[in-house]
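*Asks:* Pasting a predicted model and its sequence here:
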Amino acid sequence: MHPIIFSIGPITIYSFGVMLAIAFLAAGNVVERELRRERLDPELASSFVLWAAVGGLVGSRLLSFVDDWKGFLADPLAFVFTGAGFVFYGGLIGGFATVSMFIWRRGLPWGVIVDCCAPALAVGQAIGRIGCLLAGDGDWGTPTTLPWAMRFPNAIIGWDAWVQSSGLPADVLVHPAPIYETLGYTTVFLVLWSLRHRPHRPGTMFWLYLILSPAVRFCVEFIRLNPKLAYGLSEAQLISIVLVTIGVLQLVRTRGFGLQATALMLLAFVGVGCEQGSALVGKPAPDFALSDLDGRTVRLANLKGRVVFVNVWATWCEPCRQEMPSMQALYERFGGADFEMLAVSADTGDGADVRAFAESLALTFRVLRDPERQVSSRYRVTGYPETFLIDRNGRVVSHTIGPHHWSTPTTFTAVRRLIDSGEWTGL
């Protein structure tokens with residue numbers, strides 16, 4: 001990760017800016033090729049890129065001001081001229097507006113032109129996200145133990161401050177969300193590029209882009225750290241839903257690629273989105289029956305009437321080890337008739353390692369063995385540790401991905417309220 005390529009006196013060259021320039025150049029090349037294929041003036045591509053750059057940068061910056069109004073007011077100049085903090089959807093809306101104005105003023109066929117731009121938008125996004133990865137633009141994902149997890153110690157937006165405020169260990173690893181988006185947008189580009197020769201009505205390719213690209217962002221948002229605004233969804237997810245709806249309605253109206261294809265794409269968007277998120281929150285917790293270290297069977301359904309803390313972990317997971325003492329402190333504070341803690345080990349083998357682990361940390365809460373990983377499967381665990389809080393009625397009220405410091409006053413207050421009133425206020 002290299003947010004700054006080099007500095008000469010007051011001049012700083014940011015990797016994000018360089019990748020943004022490459023993204024515009026690549027997009028311009030795609031537009032030029034598509035204009036030539038449509039027997040339109042390929043020289044128009046440079047004008048489209050210019051107007052898209054102007055409108056996109058302005059729109060992106062405006063939405064970033066809205067998202068962090070306090071930060072903007074605290075230091076307007078630094079906020080405006082930093083090499084990070086751009087918001088893609090603001091850029092998409094701004095660029096779309098300026099390019100559309102240019103098209104209409106020149107009397108060009110709007111539907112044909114935006115179809116030429118659709119694959120270019122996807123390839124530009126894919127390259128731009130590489131810039132986000134290099135810069136550490138604050139769009140990393142949640143903690144994970146997957147093999148490709150990363151750290152962002154040199155991030156242009158405060159990695160160390162985020163780690164400290166989250167109560168996570170200094171060496172925590174997270175999902176490289178920009179890589180996921182790059183792969184997703186590259187796929188969108190390949191789909192659009194392969195379909196562009198098929199007979200279609202003007203505008204169809206753009207409306208298809210307006211379905212596929214936001215669908216990628218909608219799904220990736222589930223493992224990003226953006227705040228939730230409504231219905232457990234982030235700002236980007238809410239905008240994605242609006243854009244997908246517009247794209248679907250327009251495809252239906254123009255009968256682009258057929259109504260059946262439109263319906264299938266919509267179902268795929270909804271299905272993938274629901275599959276990727278913390279879909280269990282607000283729903284009954286899946287039941288399971290596992291043996292503890294003494295061979296006694298513990299069934300979740302039998303614990304209904306208590307608040308249940310379910311932590312899925314493994315002995316080889318260092319973040320799991322780091323959070324266990326705070327879990328022990330939480331259990332010592334609330335364990336009893338109203339609160340149960342279950343630490344579900346995903347280790348295989350005979351359980352000797354699990355027993356030695358529990359004894360080394362003097363854990364007194366229940367440790368369960370799940371060598372077949374039925375809980376990991378039923379609870380859609382993507383990495384270790386992950387924690388689920390279940391209320392007295394057997395419903396999941398919280399899903400925490402990655403390690404957490406469970407013995408803070410804030411956590412104690414939230415758990416006490418959940419026990420006493422059934423209300424979960426969050427951590």
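*Replies:* Okay, I see it.
*Asks:* Quick check on the closest residue to Ile223 other than its chain neighbours: phi, psi?
*Replies:* Excluding the flanking residues, the one nearest Ile223 by CB to CB, 6 or more residues apart in numbering is Gly141, at 4.2 Å. All C-beta spots, glycine's among them, are computed from the backbone N, C-alpha and C. Phi and psi for Gly141, reported as degrees, to the nearest 10, are phi -100, psi -170.
*Asks:* Can you get me a residue count around Gly141?
*Replies:* 24 (other CB atoms under 10 Å).
*Asks:* Likewise for Gly349?
*Replies:* A total of 11 residues lie near Gly349 under the criterion other CB under 10 Å.
*Asks:* all strands for the chain, in order.
*Replies:* According to DSSP state E, the chain carries its strands in the segments 4-8, 11-14, 228-230, 233-234, 289-292, 297-299, 307-313, 339-345, 366-369, 386-390, 396-401.
*Asks:* Of those strands, which shows the lowest average pLDDT?
*Replies:* Sorting the strands of the chain by mean pLDDT places strand 228-230 lowest, at a mean of 71.
*Asks:* what's the distance between Phe309 and Asp370?
*Replies:* 16 Å (CB to CB, to the nearest Å).
*Asks:* The two - which one has more neighbours?
*Replies:* Neighbour count, other CB under 10 Å: between Phe309 and Asp370, Phe309 has more, with 23 against 20.
*Asks:* what's across from that one in the sheet?
*Replies:* Beta-bridge pairing for Phe309 (DSSP bridges): Met341, Leu389.
*Asks:* Could you check how far it is from His404?
*Replies:* 11 Å.
*Asks:* Overlap in contacts, these two.
*Replies:* Contact criterion CB atoms under 8 Å, 6 or more residues apart in numbering; residues shared by Phe309 and His404: Thr387.
*Asks:* just checking, Pro178 touches Gly128?
*Replies:* No - Pro178 lies out of contact with Gly128 (CB atoms under 8 Å); the separation is 9.0 Å.
*Asks:* Need the residues that contact stretch 143-152.
*Replies:* 1, 136, 140, 159, 168, 171-176, 179, 223, 314, 317, 319, 382-384, 401-403.
*Asks:* picking that back up, touching, the residue nearest to Ile223 and Leu173? I think so.
*Replies:* No - contact criterion CB under 8 Å: Gly141 and Leu173 do not qualify, at 10.0 Å.
*Asks:* Need the strands of the chain in CSV (columns: distance to Leu280).
*Replies:* Shown next, in CSV, are the strands of the chain (distance: least, CB to CB, whole Å):
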stretch, distance to Leu280
strand 4-8, 41
strand 11-14, 40
strand 228-230, 15
strand 233-234, 16
strand 289-292, 18
strand 297-299, 18
strand 307-313, 11
strand 339-345, 14
strand 366-369, 18
strand 386-390, 7
strand 396-401, 4
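*Asks:* quick one: which of those is nearest Ala45?
*Replies:* With CB to CB, the closest approach to Ala45 among those belongs to strand 11-14: 25.5 Å.
*Asks:* buried residues in that closest one?
*Replies:* With burial defined by 16 or more other CB atoms under 10 Å, the residues of strand 11-14 counted as buried are Tyr14.
*Asks:* Show me what that strand is packed against.
*Replies:* In terms of contacts (3 or more CB pairs under 8 Å, 6 or more residues apart in numbering; DSSP states H and E), strand 11-14 is packed against strand 4-8.
*Asks:* So what are the sheet partners of the strand it packs on and their directions?
*Replies:* Partners of strand 4-8 in its sheet, by DSSP bridges: strand 11-14 (antiparallel).
*Asks:* Report the contact partners of the nearest residue to Gln250 once chain neighbours are set aside.
*Replies:* Leaving aside its sequence neighbours, Gln250 sits nearest to Trp207 (CB to CB, 6+ apart; 4.3 Å). For Trp207, the contacting residues are Ile246, Gly247, Val248, Gln250, Leu251, Thr254, Gly256, by CB under 8 Å, 6+ apart.
*Asks:* Show me how the protein divides into domains.
*Replies:* 4-276, 289-421 (automatic domain parsing).
*Asks:* quick revisit: closest to Leu92 out of the strands of the chain?
*Replies:* Counting by CB to CB, Leu92 lies closest to strand 233-234 out of the strands of the chain; the figure is 16.0 Å.
*Asks:* Okay then, goodbye and thanks.
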